[in-house]
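[1] no sequence on this one, just coordinates:
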């Protein structure tokens, strides 16, 4: 890998904005360029000159050029992006596991900012923001018309400063203001516990710089607590991604040494790469390899313990890499619902000391050569969110729903004629749910005794009957109607 830093970004205020990504950060400039279309570039220069000379009032030349670059890159796909000085700084800081902000993972819906999830323990979480809340106004600025990146910039700021958010909550059909004090968010990406004698649960909510160390330490503690571990549940639900080297390392904790974890392929030679379950693909410090330490401390127990991986529509990018690798090597049983389908690689190339271009350069593939771009990983066993089904799963945004999404390069796009009908039915059910008391609408916490999917995973490990979904089905890639 040389000095490449592989990153899979996540949607969050304080880390970065936009769709889920997997990127390679490179500081070296390209040594050669393709032939330039001179006639079209002359037209671009002519338009620039006309705007500068003829527009009703003077314009900022630098701003014009920046907007032109941003528009050109944004037209490619949802994940390519031009970083100015501030956004590049925010992006570079985003994988450290700490940042200053309000602490929400976000996406965009109908021109508004949609809360994917408040980060546990964050100011947004303490203020009561909920999944699917829509942010309509940030201080005195209406969100409609802002790019996701612009909205993020307005929600960021210095520690201990306030930001006023206007929230529209669909399920309650009301709009209300929330004042949040910004603070440094230190996210805890790994949780674990022994659920009952012989069975453990470990959850990874995102892949950060500290994740591999925390993951190994949690499993070591679990092994000390119960050396006779008979089964483990790896919970990747709603994990939007993170550092790719961390994903490779976590996969290697369960896989034989040196097997393929993931590969990438694109036009450039440097985009063709195979990542294996070997320390050279994740170890940053020659004297510290948490995965080797884990294997030694537990006598290799987690290389062979029966394993179930829980995934859902919110499992994306780096978490899909882990799920795909463990599924292809038949190391684990995947349970839950079809994943997000983020299977493209973005390369970040610095244009100057504080600006950069993030551009899609490759697709990634599971060990068996499957592209999951705009499709996702299909679990071995489909399991509903609750014993009453997954009535709102069809409403959740996936890669295939994003405007201008990249195809997977293998299968032809298909249109599911029944999807819109299912969405309409789900919206009606959502309206009915909104009439119930708030306490009844709150879903069970992941890892709790009321976590239906976790209980089914335990049944799978124990050889007991599993309540398989009667409604969830594989979703084919769709061609968006424009």
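    Nice, I can see it. What you are looking at is a predicted structure, and each value in this text was computed from that prediction instead of being measured. Numbering: from 1, shown residues only.
[2] C-alpha only now, for contacts and for neighbours.
    Will do.
[3] for residue 368, phi and psi?
    phi -90, psi 10 (degrees, to the nearest 10).
[4] What pLDDT is listed against it?
    We have a pLDDT of 97 for residue 368.
[5] and it, what is it in contact with?
    Each residue near residue 368 by C-alpha atoms under 8 Å, 6 or more residues apart in numbering is listed here: residue 328.
[6] What of the one 10 residues further on?
    The neighbourhood of residue 378, defined by C-alpha under 8 Å, 6+ apart, consists of 337, 338, 339, 474.
[7] does the third one sit in a helix, a strand or a coil?
    Applying DSSP: H, G, I helix; E, B strand; the rest coil to residue 339 yields a three-state assignment of coil.
[8] That one: neighbour count?
    Residues lying near residue 339 (other C-alpha atoms under 10 Å) number 30.
[9] Among the contacts of residue 378, name the buried ones.
    Neighbour-count burial within the contacts of residue 378 applies to 337, 338, 339; the criterion is 16 or more other C-alpha atoms under 10 Å.
[10] For residue 118, state which of those is nearest.
    Residue 118 has its nearest neighbour among the buried ones among the contacts of residue 378 in residue 339, at 19.9 Å by C-alpha to C-alpha.
[11] measure the nearest residue to that closest one once chain neighbours are set aside to residue 228 for me?
    Once flanking residues are discounted, residue 339 sits nearest to residue 313: 4.3 Å by C-alpha to C-alpha, 6 or more residues apart in numbering. To residue 228, residue 313 is 33 Å away according to C-alpha to C-alpha, to the nearest Å.
[12] Could I get the buried residue list for stretch 451-463?
    Buried residues in stretch 451-463, defined by neighbour count with 16+ other C-alpha under 10 Å: 451, 452, 453, 454, 455, 456, 457, 458, 460, 461.
[13] Where does the last one sit, in terms of helix or strand?
    Of the helices and strands defined by DSSP states H and E, residue 461 is found in helix 452-462.
[14] and the end-to-end length of stretch 131-149?
    Using C-alpha to C-alpha, the two ends of stretch 131-149 sit 19 Å apart.
[15] Mind listing residues that contact that stretch?
    16-18, 87, 107-108, 111-118, 151, 154-155, 163-170.
[16] try 6 Å this time
    For stretch 131-149, the surrounding residues in contact (C-alpha atoms under 6 Å, 6 or more residues apart in numbering) are 17, 111-117, 164-169.
[17] domains for the chain, by residue range?
    For the chain, automatic domain parsing gives the domain ranges 100-186, 190-342+364-406+414-462.
[18] Those domains into CSV, with extra columns for distance to residue 49?
    Output for those, formatted as CSV (distance: least, C-alpha to C-alpha, whole Å):
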stretch, distance to residue 49
domain 100-186, 26
domain 190-342+364-406+414-462, 30
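[19] on that earlier part again, go through the contacts of residue 378 and name the one nearest residue 92.
    Of all the contacts of residue 378, residue 92 sits closest to residue 339, with 26.3 Å by C-alpha to C-alpha.
[20] what about that closest one, distance to residue 160?
    Distance from residue 339 to residue 160, by C-alpha to C-alpha: 37 Å.
[21] Could you pull up the residues touching the closest residue to residue 258 other than its chain neighbours?
    Distance criterion C-alpha to C-alpha, 6+ apart; nearest residue to residue 258, sequence neighbours excluded, is residue 277 at 4.5 Å. For residue 277, the contact set (C-alpha under 6 Å, 6+ apart) comprises 252, 257, 258, 259.
[22] remind me, longest helix of the chain?
    helix 38-54 (DSSP state H).
[23] pLDDT of the helix or strand just after it, averaged?
    The C-terminal neighbour of helix 38-54 among helices and strands, as given by DSSP H and E, is helix 61-74. Average pLDDT, helix 61-74: 91.
[24] so after helix 61-74, what's the next helix or strand?
    strand 81-83.
[25] quick one: strands adjacent to that following strand?
    According to DSSP bridges, strand 81-83 forms sheet pairs with strand 356-365 (antiparallel).
[26] Mean pLDDT per helix and strand in this structure: which one sits at the bottom?
    Using mean pLDDT, DSSP states H and E, strand 5-7 stands out as the lowest-scoring helix or strand of the chain, at a mean of 33.
[27] Figure out how far stretch 126-133 is from the centre of its chain.
    Relative to its parent chain, stretch 126-133 has a centroid offset of 19 Å by C-alpha atoms, centre = their mean, to the nearest Å.
[28] Same question for stretch 338-350.
    9 Å.
[29] Endpoint to endpoint, it covers what distance?
    With C-alpha to C-alpha as the measure, stretch 338-350 spans 35 Å from end to end.
[30] Could you report the pLDDT at residue 302?
    Per-residue confidence (pLDDT) for residue 302: 98.
[31] any idea how far it lies from residue 329?
    Separation of residue 302 from residue 329 (C-alpha to C-alpha) stands at 15 Å.
[32] who's more crowded, those two?
    Taking other C-alpha under 10 Å, residue 302 and residue 329 do not tie; residue 302 has more neighbours (21 against 16).
[33] so where's this structure uncertain?
    Where the chain drops to pLDDT under 70, the residues are 1-34, 93-98, 187, 389-398, 401, 403-404, 408-442, 475-482.
[34] Could you pull out the strands in the stretch 301-450 of the chain for me?
    Secondary structure of the stretch 301-450 of the chain (DSSP state E, counting those that start in this stretch): strands at 307-311, 333-336, 344-350, 356-365, 381-382.
[35] which secondary structure element contains the residue sitting nearest the centre point of the chain?
    When the chain is reduced to its mean C-alpha position, the closest residue under C-alpha atoms, centre = their mean turns out to be residue 240, at 2.1 Å. Assigned by DSSP H and E, residue 240 falls within no helix or strand.
[36] quick one: it from residue 232, how far?
    According to C-alpha to C-alpha, residue 240 and residue 232 sit 21 Å apart.
[37] all helices of the stretch 251-400 of the chain, in order?
    Along the stretch 251-400 of the chain, counting by DSSP state H, counting those that start in this stretch, helices occupy 290-297, 301-304, 318-328.
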